[in-house]
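>>> Quick one, what's the 3D model for this:
(3 chains)
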Amino acid sequence: MPELPEVETIARGLDRRVRGDVIESVWLGSKPEPLKSPAQEIVATLESRRINGVRRMGKHIVLDLEEVVGQAGVARRAKKSVRRRAGATSTKAQWIVHLGMTGRLLVCPPSEETAKHTHAVVKLASGRELRFVDPRRFGRLSVASNGDFEASGSEPLEVNLENFVDLFRGRKTPIKSALLNQKLLRGVGNIYADESLFRAGVRPRRRAASLTRENLSLLHSSLREVLKEAIKLGGSSVSDYVDADGEEGFFQLRHRVYGREGEPCLVCKTPIKRVVIAGRSSHYCPKCQK
DNA sequence: ACTATTTCCTGGATGC
DNA sequence: TGCATCCAGGAAATAG
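All right, here's what the predicted structure looks like:
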């Protein structure tokens, strides 16, 4: 389940592998569910574009695209001119991928067998293919043909303490739910919400507005720590997460509460509790977290 | 303006 | 072995 550290790892890996490559053609699966933008617009925005870079915004992967210049590009543009006009794309555009729960972006040779649940195949000038595979179909593909994609919320690793504190002011919702709310903070999911709350000593059910300044200060730094540490370890591999190179992350070995229901707290040996908050399982130590 | 709940989707785990 | 049931979860939709 890719959250900020996993998406960051994947985006970095993709950047290394496909930056500078040119998209030659795009195949989209017949089922429209994984598409957030119209299929025709996606194709028109991607084809004949160079990938200038790949980066993360919240849980989104953003591929910055640019019109190809030079002979090959001109010829290709001429060929696609009809569709290109319909798409009305600018020279700078973006391809935005949200991996949902089980989405993956694979870079592979065309000879590689097409995995089940492959919803998009992008052919690159280097001869490789970039494939979007997503069994559970929670992932989404979209484009910003003018390059103006903006994700909601603050970046957890960039927001300062003052702004962080402001996010929770007056909110009656449990702090756990607030951390998961992408309109407040973008990129925090279930694992890192639980882990940061444990490190901050705050119970997930506490009303956000009830947290003291000290609580919030601790939560702010705990969240930063936990995210940075996870990025360093390549994310958490639970279920079948792997990065762009097919490598697993190792942060799952550092989880202190997530997925440890009934196991002893690593600090005080009290069994870790699991409760459901806003439909999400939430793990905490009843002794260490108040 | 918020907050809470439901829905989408499939594969793996569990139970009888 | 086979079949039904449950569960995981991000975010949009819906309800309150």
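
>>> Whichever residue of the stretch 101-250 of chain A sits closest to DNA strand C - nearest residue in space that isn't next to it in sequence?
For the stretch 101-250 of chain A and DNA strand C, the shortest gap (C-beta to the nearest atom of the strand) falls at residue A:189, measuring 3.0 Å. The C-beta positions use only the backbone N, C-alpha and C, and glycine is treated the same way. In space, residue A:189 comes closest to residue A:3 once its chain neighbours are excluded; the distance is 3.4 Å by C-beta to C-beta, 6 or more residues apart in numbering.

>>> Kindly state the pLDDT recorded for that neighbour?
Model confidence at residue A:3, given as pLDDT, is 90.

>>> for the closest residue to residue A:199 other than its chain neighbours, what are its contacts?
Distances taken as C-beta to C-beta, 6+ apart place residue A:222 nearest to residue A:199, at 3.7 Å, with adjacent residues excluded. Residue A:222 sits next to A:196, A:197, A:199, A:200 when contact means C-beta atoms under 8 Å, 6 or more residues apart in numbering.

>>> and the two most separated of the residues you listed?
Using C-beta to C-beta, the pair of these lying farthest apart is A:197 and A:199, separated by 7.4 Å.

>>> Looking at the two, which is more packed in?
residue A:197 (29 against 19; other C-beta atoms under 10 Å).

>>> The residue lying closest to that one once chain neighbours are set aside: what secondary structure?
Once flanking residues are discounted, residue A:197 sits nearest to residue A:204: 5.4 Å by C-beta to C-beta, 6+ apart. For residue A:204, the assignment made with DSSP: H, G, I helix; E, B strand; the rest coil gives coil.

>>> pLDDT score assigned to residue A:204?
At residue A:204, pLDDT is 94.

>>> Then residue A:246?
Reported pLDDT for residue A:246: 62.
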